[in-house]
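>>> What follows is a protein structure lacking sequence information:
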């Protein structure tokens, strides 16, 4: 017979089995949660400094996602982001300090997108009105280090064009501000890199107080027998203007006429003249030549650029200048003037008469390659210039006859606006050898 003690000390088998199941469940519940750990969220810190590199604080920063504001703060501001997700950060200006660029990208846009997986810091740089003026010069060379000129260059401030020109080009910048500079290809030369090895074009940089020089290196194929001639126009302040007529003349014939800016292919060794016309602004002179006369040059295998300067102040010029030229031929000297660039002439000249729009004679005179100027005219007014023929010219048996104007027109008289200069071309007939 089982004792009472044995019955109390030895629980039934069913109870032991149940207790074992409960313990197993407790152990299972205790260990499973320990295997899962929450993912760490990276922290973005947005700091601020001025263009001199000194830390500044208290500038408002907005963190947004998909167009909705997630959080805001003042620099140095910290934000907890979801790893790998894309956000937008906006750094605002305040007071006399304006956002200039992000220190890590040099982007001048105050708004940027960012996606991080680790703790990251970025710095907004502000211009607090202490920027000094600085100078940027952009030049160009070929792959062998030979100087090239006339390559179009654009300076950007942010997404806006700040200035442009042709190499070697000089621009005024503000120290501490972010810019980018871009050079164009032309002809047989293609941009290769900058002289420091940078291949980006445009190239970003931050202006310093010192003069900065960038050199664009071009890869040029074998030199052609032609070269590119660039013709462009500026106003009296040096700013680019466009749409002004220029005639290209060679051997007394108009090769092409176009509006600025434009380029044409010139044959190496051939001589050319460029004659500028007027528009809403009045032609003043060719840079480097300081003359209203057509600028002359002989083309080489290297490209060249020419700058026509115009007066856009509204006053305009009160003169008209006419130049007389001989169409090249073997039967007479190369010029009317006693001495000219092409050689020695006989010293003859041709007769011109100027009338106003009412037909009243304003003035007369003789012109050769050195020109005849009618002055005291009304700026912008239209006049009519007559180029007279010379029968039995200067006691000879030959006639020297007007043939055409520099723009190719044979109209005589020709309408001309005060402030203009033009060329008259002549040939010899009536028994001239080859005439």
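Nice, I can see it. Everything numeric in this text was worked out from a predicted model, so none of it was measured.

>>> Any stretches of the chain with poor pLDDT?
1-39, 129-133, 222-225, 290-292, 314-317, 379-380, 431, 433-435 (pLDDT under 70).

>>> Can you pull the domain assignment for it?
43-127, 133-220, 226-311, 320-429 (automatic domain parsing).

>>> how about residue 154, what does it touch?
161, 163-164, 181-182, 184, 202 (CB atoms under 8 Å, 6 or more residues apart in numbering). For glycine as for every other residue, the C-beta is placed from the backbone atoms N, C-alpha and C.

>>> residues contacting residue 147?
Counting by CB under 8 Å, 6+ apart, residue 147 touches 139-141.

>>> for the chain, what spans make up the helices?
Secondary structure of the chain (DSSP state H): helices at 4-9, 13-31.

>>> ok, back up a step: so which of the contacts of residue 154 is the most crowded?
residue 181 (24 neighbours; other CB atoms under 10 Å).

>>> Looks like it contacts residue 207 (just checking).
No - using CB atoms under 8 Å, residue 181 makes no contact with residue 207, being 10.6 Å away.

>>> Please identify every residue contacting each of those two.
Joint contacts of residue 181 and residue 207 (CB under 8 Å, 6+ apart) are residue 136.

>>> Just the ones of the contacts of residue 154 in strands?
Counted as lying in strands by DSSP state E, out of the contacts of residue 154, are 161, 163-164, 181-182.

>>> now, among those, which is nearest to residue 86?
Minimum distance to residue 86 across those is 28.4 Å, recorded for residue 182 (CB to CB).

>>> ok, the residue nearest to the closest one when sequence neighbours are not counted to residue 188 distance?
Nearest non-adjacent residue to residue 182, counting by CB to CB, 6 or more residues apart in numbering: residue 202, 3.6 Å away. According to CB to CB, to the nearest Å, residue 202 and residue 188 sit 22 Å apart.

>>> and what of residue 140?
Distance of residue 140 to residue 188, given as CB to CB: 14 Å.

>>> For these two, indicate the residue with more neighbours.
residue 140 (25 against 17).

>>> so what's that one up against?
147-149, 151, 167-168, 183, 215-218.

>>> Any quick PyMOL command for the buried ones out of the residues you listed?
Applied in PyMOL, the following selects the buried portion of the contacts of residue 140 according to 16 or more other CB atoms under 10 Å:
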select buried, resi 148+151+167+168+183+215+216+217+218
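
>>> right, and out of the contacts of residue 140, which lies closest to residue 193?
For the contacts of residue 140, the residue nearest residue 193 by CB to CB is residue 217; the value is 5.4 Å.

>>> these two touch, right, the closest one and residue 192?
Yes - counting by CB under 8 Å, residue 192 is a contact partner of residue 217 at 4.8 Å.

>>> Spit out the residues that contact these two alike.
residue 143.

>>> Was I right to think residue 430 contacts residue 400?
No - using CB under 8 Å, residue 430 makes no contact with residue 400, being 9.2 Å away.

>>> Looking at the contacts of residue 140, which one is closest to residue 355?
When the contacts of residue 140 are ranked by distance to residue 355 (CB to CB), residue 149 comes first, at 43.5 Å.

>>> For residue 98, which residues are in contact?
When contacts are counted by CB under 8 Å, 6+ apart, residue 98 touches 126-128.

>>> and if we set it to 10 Å?
Contacts for residue 98 (CB atoms under 10 Å, 6 or more residues apart in numbering) come out as 92, 110, 126-129, 177.

>>> next one: phi and psi at residue 334?
With angles defined as degrees, to the nearest 10, residue 334 sits at phi -70, psi -10.

>>> Tell me how many other residues surround it.
The local packing of residue 334 (other CB under 10 Å) involves 16 other residues.

>>> Same question for residue 286.
Neighbours of residue 286 under the rule other CB under 10 Å: 19.

>>> I'd say it and residue 305 touch.
No - look at residue 286 against residue 305 with CB atoms under 10 Å: they stay out of range, at 11.3 Å.

>>> Now the common contact residues for the two.
Residues touching both residue 286 and residue 305 by CB under 10 Å, 6+ apart: residue 231.

>>> quick one: contacts for the residue nearest to residue 104 when sequence neighbours are not counted?
Leaving out its chain neighbours, the residue that sits closest to residue 104 by CB to CB, 6+ apart is residue 122, at 6.0 Å. Applying CB under 10 Å, 6+ apart to residue 122 gives the contacts 44-48, 61, 89, 91, 102-105, 112, 114, 116.

>>> just residue 326 next, same as before
Per CB under 10 Å, 6+ apart, neighbours of residue 326: 252, 332-337, 340, 342, 345, 348, 350, 368-369, 400, 403, 425-428.

>>> again, 8 Å this time
Residue 326 is in contact with 252, 332-336, 345, 425-428, counting by CB under 8 Å, 6+ apart.

>>> mind checking how far it is from residue 70?
Counting by CB to CB - residue 326 and residue 70 are separated by 80 Å.

>>> try residue 92
On the measure of CB to CB, residue 92 and residue 70 end up 16 Å apart.

>>> just residue 272 next, same as before
Note on residue 272: its distance to residue 70, by CB to CB, is 64 Å.

>>> So these two - more neighbours on which side?
Ranked by neighbour count (other CB under 10 Å), residue 272 and residue 70 place residue 272 first, with 21 against 15.

>>> Okay, strands next: where are they in the stretch 1-150 of the chain?
43-50, 55-56, 60-65, 68-74, 77-80, 87-91, 98-102, 111-114, 120-127, 133-142, 147-148 (DSSP state E, counting those that start in this stretch).

>>> Name every strand pairing with the first one and say which way it goes.
So that's strand 43-50. Here strand 43-50 has these sheet partners by DSSP bridges: strand 55-56 (antiparallel), strand 77-80 (antiparallel), strand 120-127 (parallel).

>>> And the longest one, what's buried?
Taking 16+ other CB under 10 Å as the basis for neighbour counts, the residues of strand 120-127 that come out buried are 122-127.

>>> Could you export those residues as JSON lines, including distance to residue 293?
As requested, those are exported to JSON lines (distance: CB to CB, whole Å):
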{"residue": "122", "distance to residue 293": "59"}
{"residue": "123", "distance to residue 293": "57"}
{"residue": "124", "distance to residue 293": "55"}
{"residue": "125", "distance to residue 293": "51"}
{"residue": "126", "distance to residue 293": "52"}
{"residue": "127", "distance to residue 293": "47"}
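
>>> quick one: which of the ones in strands among the contacts of residue 154 is nearest residue 257?
The closest of those, once distances to residue 257 are taken by CB to CB, is residue 164, at 24.0 Å.
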